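Here's my sequence, what's the structure:
(chains A and B)
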Protein chains: 2
Amino acid sequence: MTDEPIKGGRTGSTRRGFLRQTAAAGAGLVAGAAAARADGPDPLITEVQGWASSFGDPVDAAPYGLPIHFEDHVVRRNVEWLTESPVSSINFTPIHALEGTITPQGCAFERHHSGAIELSKSEYRLMINGLVETPLVFTYADLERFPRHVLTAFCECAANGGMEWGGAQLEGCQFTQGMIHNMEYTGVMLRDLLNEAGIKPEGKWVYAEGADASSNGRSMPLEKALDDVMVAFYANGEALRKEHGYPVRLVVPGFEGNMWVKWLRRIAVYDQAVESREETSKYTDLMPDGRARKWTWVMDAKSVITAPSPQAPIRHGAGPLVITGLAWSGLGKVVRVDVSTDGGNTWHEARLSGDVKPKALTRFHYDMTWDGQEMFIMSRCIDETGYVQPTKQALRDIRGLNNVYHNNGIQVWWVRADGEVENVEIA
Amino acid sequence: MTDEPIKGGRTGSTRRGFLRQTAAAGAGLVAGAAAARADGPDPLITEVQGWASSFGDPVDAAPYGLPIHFEDHVVRRNVEWLTESPVSSINFTPIHALEGTITPQGCAFERHHSGAIELSKSEYRLMINGLVETPLVFTYADLERFPRHVLTAFCECAANGGMEWGGAQLEGCQFTQGMIHNMEYTGVMLRDLLNEAGIKPEGKWVYAEGADASSNGRSMPLEKALDDVMVAFYANGEALRKEHGYPVRLVVPGFEGNMWVKWLRRIAVYDQAVESREETSKYTDLMPDGRARKWTWVMDAKSVITAPSPQAPIRHGAGPLVITGLAWSGLGKVVRVDVSTDGGNTWHEARLSGDVKPKALTRFHYDMTWDGQEMFIMSRCIDETGYVQPTKQALRDIRGLNNVYHNNGIQVWWVRADGEVENVEIA
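A predicted model of the protein is given here:
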């Protein structure tokens, strides 16, 4: 084999025999990756298959398509015992089976307080009132006439991982970290609507509520409202899905999901916070000293290995292994993700793949050679402020054991020699 | 109204009365945008609606969701008379109704030569052969073990706009520019697979073919194959759709869509191009001198106003108007988009919204005040090489009238005073 350079930038010879190099540890990869199998030619190669000798679906088969049935397992799931009611509840994004950074809207998690409502664009109304000079009511058609912007942001429920405060409980990252999605939104900036109404100088807070029965009112400082908050109507290129707030929702980059009010009905400017149910009784955390942590708007930096994970075991045995995962921070960009495969003794920097955007999901990959022995794997991210994702124990040491929300602790997976994976905590 | 600065960066007072400023030209916007309508309170505001007083859908209603029925018009469409067969044909992305840059996979266009086949991951095989040191066959499981990468790229059929060579024909940008989509792909780089097999020094070309009956074989220079070509398995975060090549397709950033072989079956290294049907009989253009233009791999810079457009007329009358559109270039990034609303006499720079990525769709917006009179609107993009999108006539002057492919000419829309829009060409 010559070493003559090939134009176009062949990657170095270290890439040669990627699968073969690990044959000693592998499970017959060379045999599998050869043109002829040990027991003869592969009929899938040598015999003309049905799909190669007949027509497939025509171009009018699916005006709006769904995933192929082989992918039926890539769906939202819910945990019935989590909540008393199926309308004030949550389901989870199947992050163990996804890649990249964009979450398909069809399986992007939902969190409702009184179910997902049906509201048409023609019946939609958005009120702007309170401490404004001219109270206004916008129709959907009115909103379409304001300058549009595009941004990509993760939406994470503050309760993501909440069940894990008491220890490793749920078997799969869909359930331990799946209250999250990442979409590209198009809409108008809230500041443009507020400025249309005119903000009175005594205005200091903005209150947002939705058209559903729960209304889900939340307060935020005027400064945030005038910053990067969007009144969005498109997600991943098309209209919002019904379950994500069609036709209009609030997008509050970096802030907890509950504030991303769906079926947005009203924006009010006030001189103080409303202190609604959702920001007093809920979305606050009881601390060891008896006081509650409140106004915990920003989602702290977090990461998780999405595969291997309990729902995504290793089926190929020892040899080359791809570790893939997600990292994000409500404070801005993720600058680094480290992966440990020895229970946190040593850490190795992972690759950040694709776009690294502030307040949006970032994909990381770590390529390794697995020796086929059990291992404890985990990831840890660092964001642009220098904040380092903490361990669950470090969080408990500060927050105590009565918190519900904002569990951004490091997730440990126990990979067994047979490739199965379990959710565990280690000292 | 005070001019005291509001912390958080209120946009300037020019934004005040955005809708009111145009009341003179408007159609009663102030009345519409007021808390009380001229004929009394708005019952959609003052009366409790059904959706606000009952439960919506529970969280287990849609494990994998579809768009709300109000959006039933946002679908792929095909034009039956375009082709003799519905399996060797095309449908079109409803770009007139989309926003942002990501194309929802459910309505992303399809182009097949023998229909969309059903091929499972377990039955999938990828051969690497020809001028390689070790011919290989990969299963899907093998491919999952190679280092993964993420990239976003537009896929445009070379025939996009082909029907317009003879003049303005189809009524809507879905049909005139809709053979295009933009997705975030995750997969392995082709160079890593080629280097696994080992490229012989005499290898100069790569040939890719698919598992469908048409096989759709295409040749590309080895240099491109070793550059940014990806063997992709995920699109917009989930597995490829059946109609987009599940489980594996080729992604060839910047190159014409036909080369993005679906249901990828074989990659061969050769010392010359194969000159298959798809690169001789098809995907070549007859020039005035009788020779054919060939190897026109790169999609030239193009842009189009997606709304207003024939399928997206202006319904709100004079006043603030949002012009929205897409721009892209197979050579790299779009650096600028200009919009004209006076038939090309004067041009104004549009805003580029969201991400500007090389060889990917870029969204532009242009905000204007419409006087309610007819106008001829168009967009023109410039890419990072300095290439300026040409007029259709400039293209015809060079290419003649017998080209089928690579029509990247400027699209003109005639907006009438009643808001309806037509596809036209102007001198």
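
Only C-alpha atoms from now on, for both contacts and neighbour counts.
Noted.

what sits against the closest residue to A:Ser215 other than its chain neighbours?
Distances taken as CA to CA, 6 or more residues apart in numbering or on different chains place A:Glu209 nearest to A:Ser215, at 5.2 Å, with adjacent residues excluded. Applying CA atoms under 8 Å, 6 or more residues apart in numbering or on different chains, we find A:Glu209 in contact with A:Ser215, A:Asn216, A:Gly217, A:Arg218, A:Val261, A:Leu264, A:Arg265, A:Arg266, A:Ile267.

How much space separates A:Glu209 from A:Glu202?
Counting by CA to CA, to the nearest Å, the gap from A:Glu209 to A:Glu202 is 21 Å.

before we move on, what about A:Arg145?
A:Arg145 is 29 Å from A:Glu202, by CA to CA.

of those two, who's got more company?
A:Arg145 (20 against 13; other CA atoms under 10 Å in any protein chain shown).

from memory that one sits against B:Ile323, does it?
No: the pair A:Arg145 and B:Ile323 fails to qualify as a contact (CA atoms under 8 Å) at a distance of 9.2 Å.

May I ask which helix or strand encompasses A:Val87?
For A:Val87, there is no helix or strand it lies in under DSSP states H and E.

How is chain A divided into domains?
A:84-294, A:302-423 (the TED database).

Same list (those) but as a markdown table, adding mean pLDDT.
Listed next are the domains of chain A as a markdown table, based on pLDDT from 0 to 100:
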| stretch | mean pLDDT |
| --- | --- |
| domain A:84-294 | 97 |
| domain A:302-423 | 97 |
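
Figure out which of these is closest to B:Phe364.
domain A:84-294 (9.3 Å; CA to CA).

end-to-end on that closest one?
End to end - CA to CA - domain A:84-294 spans 25 Å.

what does stretch A:110-117 give?
Termini of stretch A:110-117 sit 12 Å apart (CA to CA).

closest to B:Val424 out of the domains of chain A?
It is, among the domains of chain A and with distance given as CA to CA, domain A:84-294, at 24.9 Å.

which non-adjacent residue is nearest the residue in the stretch 301-427 of chain A positioned nearest to chain B?
Nearest residue of the stretch 301-427 of chain A to chain B, counting by CA to the nearest CA: A:Gly354, 4.6 Å away. Excluding its sequence neighbours, the residue lying closest to A:Gly354 (CA to CA, 6+ apart) is B:Val150, at 4.6 Å.

Next, the one you found: secondary structure please.
Following DSSP: H, G, I helix; E, B strand; the rest coil, the label given to B:Val150 is strand.

Can you lay out the domains of chain A as CSV showing distance to B:Gln177?
Putting the domains of chain A into CSV (distance: least, CA to CA, whole Å) gives the following:
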stretch, distance to B:Gln177
domain A:84-294, 16
domain A:302-423, 27
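
for chain A, what spans make up the helices?
A:29-32, A:43-46, A:140-143, A:173-176, A:190-197, A:222-225, A:392-399 (DSSP state H).

Tell me which of these is the most buried.
Of these, the one with the most neighbours on average (mean count of other CA atoms under 10 Å in any protein chain shown) is helix A:173-176, at a mean of 25.

is any part of that helix close to chain B?
No: Helix A:173-176 stays clear of chain B (CA under 8 Å from any CA of the partner chain), getting no nearer than 13.1 Å.

Pull the number of nearby residues for the closest residue to A:Val298 other than its chain neighbours.
Spatially, and ignoring its direct neighbours in sequence, A:Val298 is nearest to A:Phe255 (4.5 Å; CA to CA, 6+ apart). By other CA under 10 Å, 26 other residues sit near A:Phe255.

where's A:Phe255 relative to A:Cys157, distance?
9 Å.

so how far is the first residue of stretch A:97-117 from its last?
For stretch A:97-117, the end-to-end distance is 28 Å (CA to CA).

ranges for the strands of the stretch 1-150 of chain A?
Secondary structure of the stretch 1-150 of chain A, counting by DSSP state E, counting those that start in this stretch: strands at A:36-37, A:40-41, A:89-90, A:111-112, A:125-130, A:136-139, A:148-156.

Could you list the paired strands of the longest one along with their orientation?
For strand A:148-156, sheet partners with direction are given as strand A:180-189 (antiparallel), following DSSP bridges.

One more: the third one?
According to DSSP bridges, the neighbouring strands of strand A:89-90, each with its direction, are strand A:111-112 (antiparallel).
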